[in-house]
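Sequence first, then the predicted structure:
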2 protein chains.
Amino acid sequence: MNKTSFLFIIFFTLNFFAVVAEGASETSKPQSETEVVASLRDKALNSHLAFDILESLTTEVGARMAGTPQDALAVKWGVEKLKSLGFDKVWTEPVTFDTWIRKEEYAAIVSPYQHEIKITALGFSVPTPEQGIEAEVVHFKSIEDLSQSPKDSAKGKIVFISRKMERFRDGKGYGPAVKARSNGAVEAAKKGAVAVVIRSIGTDSHRLPHTGMMRYKEGVNKVPAAAMSNPDADLLTRIFARKKTVKMKLQINSHAGPKYTSQNVIGEMTGSEFTNEKVVIGGHLDSWDLGTGAVDDGAGVAITMAAAKIIGDSKQRPKRTIRVVLWANEEQGLVGAKAYAKRHKDDLENHITGAESDFGAGKIYAFASRVAEDNLAVVKKMAKLMKPLGIEYVDNEAGPGPDLIPMYELGMSVFSLRQDGTDYFDLHHTADDTLDKVKPENLAQNVAAYVVFAYLAANSEQKISR
Amino acid sequence: MNKTSFLFIIFFTLNFFAVVAEGASETSKPQSETEVVASLRDKALNSHLAFDILESLTTEVGARMAGTPQDALAVKWGVEKLKSLGFDKVWTEPVTFDTWIRKEEYAAIVSPYQHEIKITALGFSVPTPEQGIEAEVVHFKSIEDLSQSPKDSAKGKIVFISRKMERFRDGKGYGPAVKARSNGAVEAAKKGAVAVVIRSIGTDSHRLPHTGMMRYKEGVNKVPAAAMSNPDADLLTRIFARKKTVKMKLQINSHAGPKYTSQNVIGEMTGSEFTNEKVVIGGHLDSWDLGTGAVDDGAGVAITMAAAKIIGDSKQRPKRTIRVVLWANEEQGLVGAKAYAKRHKDDLENHITGAESDFGAGKIYAFASRVAEDNLAVVKKMAKLMKPLGIEYVDNEAGPGPDLIPMYELGMSVFSLRQDGTDYFDLHHTADDTLDKVKPENLAQNVAAYVVFAYLAANSEQKISR
């Protein structure tokens, strides 16, 4: 018998016993809550569903930047997928926002050496003049250095900020680094700059720049803003080390577009008892335009849809409803999340808790809660059932995933299921955010954790609150 | 005392003893050949020279495709660098060839789903019509499948070849895979295709396509040829798995250019006795245009220049001359190598042996020779002195590096110093071929191995031949 046949038989034998066991227990006597959840968790672990959903989204829709034709396609995909998975209710809620359209973008170092460099405009950057900008480049090692420099330190020049983002499992290198992206244009303009180019906010070494949002400020000149790939930033830094005058050409044709109305896509698996009360899980449906949004945030969409589907298929549904929200336009400012909070603020008491999956496709290694003290019994149950997944409980100090911030600010309780993000910022907001980066087994582990969390939260004796 | 200070002192102490040891031995009595070579090898191991040369080439010149203005810049750089390193003789020899100019290139899947995909034209591809080609795509799993398909199997269509290149330390996955790139256009045209797009000949998973040469054939229609990045090939393969009709848009404006004359750049460290006899080492100076040619083949240029410099600086020069050749236009058909062989064919007997470094910047793990049986004593010496570098002797069946093929075919003996190429085809011919991919310590190990090889070959009692 060859190895494949052997594994084949093992696989079917195991599945056979699993089916027999489930059938037997479900027909003979009702399982305990722990038995039900453990069984659903293990079903999730062995399920390919999340990967299949993600494969579908990245193949049939792909890049889906808010306000583009692919945004509408993603909404259609979301509705159809939730329906085809058998969600009890599926609907959409409108979300309106300003748009931004990416066009050609080009940059080159023109002096003292000639190099074409890989850049991408930052979200909502104004364009350069049509013929581009050619100017001397002035180098700052951080946005703090730029802010503290003299008033005219960048007058007529292109500001280059070279700060490197550091790699950590929990992504804590992002916060300090991303200020250069968010505020670089404002700080550069304050010093008289004509444009800003930053080292990408990312931890990789590939010629693929990272896009992302930037802001302008009322009363400060709006200058074009772009990020260059990290190897290009290394190159530029090496040129500056030669103490020569550096000139760059920068051409960005991206510009603001018209208002657009997208949709939050919502699906529910109705609870068995308190149908109005819900646990909210989800991910954001939009992505940046460069990649296919596999890890940001197709993974979150797939993980939470699959978790709700597996719970919904159970013969012992939890007491409360599982609501999956596929948030519109997270990337350009939590727009769908804010619209949702505005629309549902009077229903806050029925949003008993929630968690968003928006940190890629790495395994979950820890979880934290933010609930009232007297809800901690259910958290303990979660910890027990998540432990076999390699997940440790941290504390009751959880913050919300990005799209739950508005509801959290209104007072909703939240959970945080923490993924290993070691590689997340290699891919984040780049062309490289594609399906090949996702391991099906990691996705399945995430689904299993969301099953445990959502089922137990929805089935809690005591209604969870904060 | 902090760790840095401690290491600092250790470092200087070691260097002090090294200097004293060298000084003492060089002034008191002549070292044995083995002592000299071991000492030069260890000097090479601790030298940053090769990395500094590579840093200079990738920073001050960068991409240097044959026939571009950067080609001329690279020649200038090569001459100046050899002179500044103190080579005894530095000169150039003309190499004339047809050129090819890369312009805009764009591709998108337009049906059944819309995806922009990352492609790059293959070297010497003809352009598409200005407005591009939009056509149905027909999928072949290999060029063999395409060749064996019926006569009109691709009539009016774009051929897609999806074969994956396999990863091996010695790069043996390249040969079987690269046929799709070299011959894909001819085989596709024979079946009536209007263009060919292949999965990149590379082992990475990044949105960076691999370029490289392709060929047309007299009497077969010339169709445009491009490679797509591997994640894009995965995507297209997933779409084909849905058994839908796939359409693609392809736009390539690249085209043939005028004749150009570049130069082989040559530098010599003169031998102490038989100055006309030489050991030839080198790498090719040209690169593809997408990256900065750090691993292909800036590394080879840097390794061999540094090795010759370290030998040249020795107070006990070897009997014969070390000739470094920085070959022109390897990428588009060993053009510099052929010109060299034509020019020097009557001096074949003085080309005692040689080795080219053209497989990236990984450590050398093995070496092989191709010499007359009665030269094996010197090979044994090399093996002994390379062993501490982690290098094993293989056999006397070595083949030549690409640029030594023409001289080898005339009868020259050759050596092959085999680098670990596990990651080489992640970078090969892509935009990602940049300095950050090179580890200085690996480069130094290569230099040490070339020092051992070149010194011992040049100092051999018996003149090496094949």
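Received, thanks.

thinking A:Ser162 is in contact with A:Phe140, fair?
Yes - counting by CB atoms under 8 Å, A:Ser162 does reach A:Phe140; the two are 7.3 Å apart. From N, CA and C alone the C-beta is placed, and that goes for glycine too.

Pull up the overlap in contacts between the two.
Common neighbours of A:Ser162 and A:Phe140, counting by CB atoms under 8 Å, 6 or more residues apart in numbering or on different chains, are absent.

all strands of the stretch 251-400 of chain A, in order?
Using DSSP state E, counting those that start in this stretch, the strands of the stretch 251-400 of chain A run over residues A:255-269, A:274-284, A:320-327, A:351-356, A:364-370, A:392-393.

Which neighbouring elements make contact with the fifth one?
Right, the one you point to is strand A:364-370. Taking 3 or more CB pairs under 8 Å, 6 or more residues apart in numbering or on different chains; DSSP states H and E as contact, the helices and strands that strand A:364-370 lies on are helix A:376-386, strand A:392-393, strand A:414-419, helix A:440-458.

Which one, of these, ends up nearest to A:Asn253?
Comparing the helices and strands packed on strand A:364-370 by their distance to A:Asn253 (CB to CB), the top pick is strand A:414-419, with 36.2 Å.

Listing partners with orientation, what would you give for the closest one?
Based on DSSP bridges, the strands next to strand A:414-419 in the sheet, each with its direction, are strand A:364-370 (antiparallel).

Outside of the strand it pairs with itself, list whatever touches it.
Surrounding strand A:364-370, the residues in contact under the criterion CB under 8 Å, 6+ apart are A:169, A:375-376, A:379, A:382-383, A:386, A:389-400, A:408, A:413-420, A:445-446, A:449, A:453, A:466.

got the angle for it vs strand A:351-356?
On the basis of axes from the mean of the first three to the mean of the last three CA atoms, to 10 degrees, strand A:364-370 is oriented at 150 degrees to strand A:351-356.

Can you report how many residues neighbour A:Ser147?
A:Ser147 is surrounded by 15 other residues when neighbours are defined as other CB atoms under 10 Å in any protein chain shown.

same question but for A:Leu208, I mixed them up
28.

Just give the closest residue to it, not the sequence neighbours.
Of all residues beyond its chain neighbours, the one nearest A:Leu208 is A:Thr430 (4.4 Å), with distances taken as CB to CB, 6 or more residues apart in numbering or on different chains.

three-state assignment of the one you found?
Following DSSP: H, G, I helix; E, B strand; the rest coil, A:Thr430 is assigned to coil.

what does the stretch 1-150 of chain A have sitting close to chain B?
Where proximity means CB under 8 Å from any CB of the partner chain, the interface of the stretch 1-150 of chain A facing chain B comprises A:55, A:58-63, A:69-70, A:113-116, A:118.

Please repeat the previous calculation with a cut-off of 10 Å.
For the stretch 1-150 of chain A, the residues in contact with chain B under the definition CB under 10 Å from any CB of the partner chain are A:55-56, A:58-63, A:69-70, A:73, A:109, A:112-118.

now swap in the stretch 151-300 of chain A and tell me
By CB under 10 Å from any CB, the residues of the stretch 151-300 of chain A that approach chain B are A:204-208, A:229-239, A:241-242, A:289-292, A:294.

if we can go back for a sec, buried ones from the contacts of strand A:364-370, can you make that a PyMOL selection?
Those of the contacts of strand A:364-370 that count as buried under 16 or more other CB atoms under 10 Å in any protein chain shown are selected in PyMOL with:
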select buried, chain A and resi 375+379+382+383+386+389+391+393+396+398+400+408+413+414+415+416+417+418+419+420+445+446+449+453
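
thinking again about what came up before, looking at A:Ser162 and A:Phe140, which is more packed in?
Under the criterion of other CB under 10 Å, the comparison of A:Ser162 against A:Phe140 puts A:Phe140 first, with 25 against 19.

For chain A, just list every one of the helices.
Assigned by DSSP state H, the helices in chain A fall at A:3-28, A:33-45, A:49-60, A:69-84, A:143-148, A:174-190, A:230-241, A:299-312, A:335-344, A:376-386, A:405-410, A:424-427, A:440-458.

Just send the ones you listed back as JSON lines, with mean pLDDT too.
Formatted as JSON lines, those follow (pLDDT from 0 to 100):
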{"stretch": "helix A:3-28", "mean pLDDT": "46"}
{"stretch": "helix A:33-45", "mean pLDDT": "98"}
{"stretch": "helix A:49-60", "mean pLDDT": "98"}
{"stretch": "helix A:69-84", "mean pLDDT": "98"}
{"stretch": "helix A:143-148", "mean pLDDT": "98"}
{"stretch": "helix A:174-190", "mean pLDDT": "98"}
{"stretch": "helix A:230-241", "mean pLDDT": "98"}
{"stretch": "helix A:299-312", "mean pLDDT": "98"}
{"stretch": "helix A:335-344", "mean pLDDT": "98"}
{"stretch": "helix A:376-386", "mean pLDDT": "98"}
{"stretch": "helix A:405-410", "mean pLDDT": "98"}
{"stretch": "helix A:424-427", "mean pLDDT": "98"}
{"stretch": "helix A:440-458", "mean pLDDT": "98"}
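
Tell me, how many residues neighbour A:Thr58?
Counted with other CB under 10 Å, the burial measure for A:Thr58 works out to 30 neighbours.

pretty sure it is touching A:Val438, no?
Yes - under the contact definition of CB atoms under 10 Å, A:Thr58 touches A:Val438, with a separation of 8.8 Å.

shared neighbours of the two, which are they?
A:Ala294, A:Val295, A:Gly298, A:Ala299, A:Ala302 (CB atoms under 10 Å, 6 or more residues apart in numbering or on different chains).

Which members of those are the farthest-apart pair?
Pairwise across those, and taking CB to CB, the largest span is found between A:Val295 and A:Ala302, at 10.5 Å.

residues shared between the contacts of the two?
Taking CB under 10 Å, 6+ apart as the contact definition, A:Val295 and A:Ala302 share the neighbouring residues A:Leu54, A:Thr58, A:Ala361, A:Val438.

For the third one, list the residues it contacts.
It stands for A:Ala361. Remark: with contacts taken as CB under 10 Å, 6+ apart, A:Ala361 is in contact with A:50-51, A:54, A:294-300, A:302-303, A:419-421, A:423-424, A:427, A:435, A:437-440, A:442-443, A:445-446.

just the buried members of those residues?
Neighbour-count burial (16+ other CB under 10 Å) is assigned, among the contacts of A:Ala361, to A:50-51, A:54, A:294-300, A:302-303, A:419-421, A:423-424, A:427, A:435, A:437-438, A:440, A:442-443, A:445-446.

returning to what we had before: can I get the helices and strands packed on strand A:364-370 in CSV including distance to A:Arg320?
Listed next are those as CSV, based on distance: least, CB to CB, whole Å:
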stretch, distance to A:Arg320
helix A:376-386, 12
strand A:392-393, 22
strand A:414-419, 14
helix A:440-458, 4
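
nearest to B:Arg215, of the ones you listed?
helix A:440-458 (39.9 Å).

tell me how far the closest one is from the chain's mean position?
Between the mean C-alpha point of helix A:440-458 and the mean C-alpha point of its chain there is a distance of 17 Å (CA atoms, centre = their mean, to the nearest Å).

How about stretch A:206-216?
Here the centre of mass of C-alpha atoms in stretch A:206-216, compared against the chain's by CA atoms, centre = their mean, lies 15 Å away.

Endpoint to endpoint, it covers what distance?
With CA to CA, to the nearest Å as the measure, the first residue of stretch A:206-216 is 28 Å from its last.
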